[in-house]
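# quick one, what's the 3D model for this:
(one chain, ligands or ions: 1)
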Amino acid sequence: MDAIKAIRARCSIREFKDTPVDRKVIEEIVDCGRLAPTARKEEPWEFVVVTDKDTLAAMADITDHGKFIKSSACAIAIFCRDTKYYLEDGSAATENILVSAASLGLGSCWVAGDKKHYCAKIAELLGAPPVSKLVSIVALGYPAKDPQPLEKRPLKDVLHWEKF
Ligand SMILES: Cc1cc2nc3c(=O)[nH]c(=O)nc-3n(C[C@H](O)[C@H](O)[C@H](O)COP(=O)(O)O)c2cc1C
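Next comes the predicted model:
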C-alpha cells in the first residue's frame, strides 16, 4: 500500500484477533520507526517490543486508557533520551509505526506515554533506564473488526492559503 493510502486507512484499533504478528513484520514496522525525521539527527529513540502475555497485561494495568494492550499481539514502547526535541522525534517515530502498521494490514493504537504519571512504572517494568522518556506505547495486532476511520475536520476548515 502506498503512503497516502496507508495514511487514509489508518485509524485507532482497540480490539484485536488472537493471531500473533510475525517477527519479521514487527521488525519492518520498527525499522520504519527508526527512519523518522529527528532533530539534529540525534535519533534519541529505543523501541521495546513486548509479546509476552503477562507483560502485556501488566502494561495494560499500569496505563489509564490502554487496557486493550492486554489483548494486543504486541506492544511497542517508544522511549527517548532526554534531548531538546525528544517529544517531536519520538512522536514522528510513533506516527511512522502507526502508518507502516496500517500499510501491512495491522491495527494499532497510540497509548499516551509522555506526561503520564505511569511513565516510570512502565520504564521499570521494561527495564528501561530511569532517565528514559516514555513517549508512547503502540498496541499492535490484526483488527478484530473492519477498521472504520473516524470523520475528521474537513480540509476546507483547516487549510488556509497564504494567511490564517
Ligand atoms: C498523544 C496521543 C495520545 C493518545 N493516547 C491514547 C490513549 O492513551 N488511549 C487510547 O485509546 N487512544 C489514545 N490516543 C489515540 C486517539 O484517541 C486517536 O488517535 C483519536 O481519537 C483519533 O482517532 P484515530 O486515531 O482513529 O484517527 C492517543 C493519540 C495521541 C496522538
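# which parts of this protein sit against the ligand?
Cys11, Ser12, Arg14, His65, Gly66, Cys109, Trp110, Val111, Ala112, Leu150 (C-beta under 6 Å from any ligand atom). The way it works is simple: take the backbone N, C-alpha and C, and place the C-beta from them, glycine included.
# the second one contacts Ala102, correct?
No: taking C-beta atoms under 8 Å as the definition, Ser12 is not a contact partner of Ala102, at 10.5 Å.
# which one of those two has more residues nearby?
Neighbour count, other C-beta atoms under 10 Å: between Ser12 and Ala102, Ala102 has more, with 23 against 15.
# who touches that one in this structure?
With contacts defined as C-beta atoms under 8 Å, 6 or more residues apart in numbering, the neighbours of Ala102 are Met1, Ala6, Ile7, Ala9, Arg10, Ser108.
# cutoff 6 Å now
Ala6, Ala9, Arg10 (C-beta atoms under 6 Å, 6 or more residues apart in numbering).
# for ChimeraX, what selects the buried ones among the residues you listed?
Paste this into ChimeraX to select the buried members of those, with burial taken from 16 or more other C-beta atoms under 10 Å:
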select :6,10
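# mind checking the SS state of the nearest residue to Ser103 once chain neighbours are set aside?
Distances taken as C-beta to C-beta, 6 or more residues apart in numbering put Ala6 closest to Ser103, at 3.7 Å, once the chain neighbours are dropped. Of the three states, Ala6 takes helix under DSSP: H, G, I helix; E, B strand; the rest coil.
# Phe68 versus Ala6, what's the distance?
22 Å (C-beta to C-beta, to the nearest Å).
# is the most centrally placed residue in the chain bridged to anything, and to what?
Note on the chain: the residue nearest the mean C-alpha position is Val138, at 3.1 Å, using C-alpha atoms, centre = their mean. Applying DSSP bridges to Val138 gives these bridge partners: Ile76, Trp110.
# how about it, what does it touch?
Contacts of Val138 by C-beta under 6 Å, 6+ apart are Ile76, Ile97, Ser108.
# can you put those in TSV and add neighbour count, pLDDT and distance to Glu43?
Listed next are these as TSV, based on neighbours: other C-beta atoms under 10 Å; pLDDT from 0 to 100; distance: C-beta to C-beta, whole Å:
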residue	neighbour count	pLDDT	distance to Glu43
Ile76	23	99	16
Ile97	26	98	15
Ser108	28	98	22
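# which strand or helix spans the closest residue to Lys70 other than its chain neighbours?
For Lys70, ignoring the flanking residues on the chain, the nearest one in space by C-beta to C-beta, 6+ apart is Ala60 at 3.8 Å. Ala60 is part of helix 53-62 when elements are defined by DSSP states H and E.
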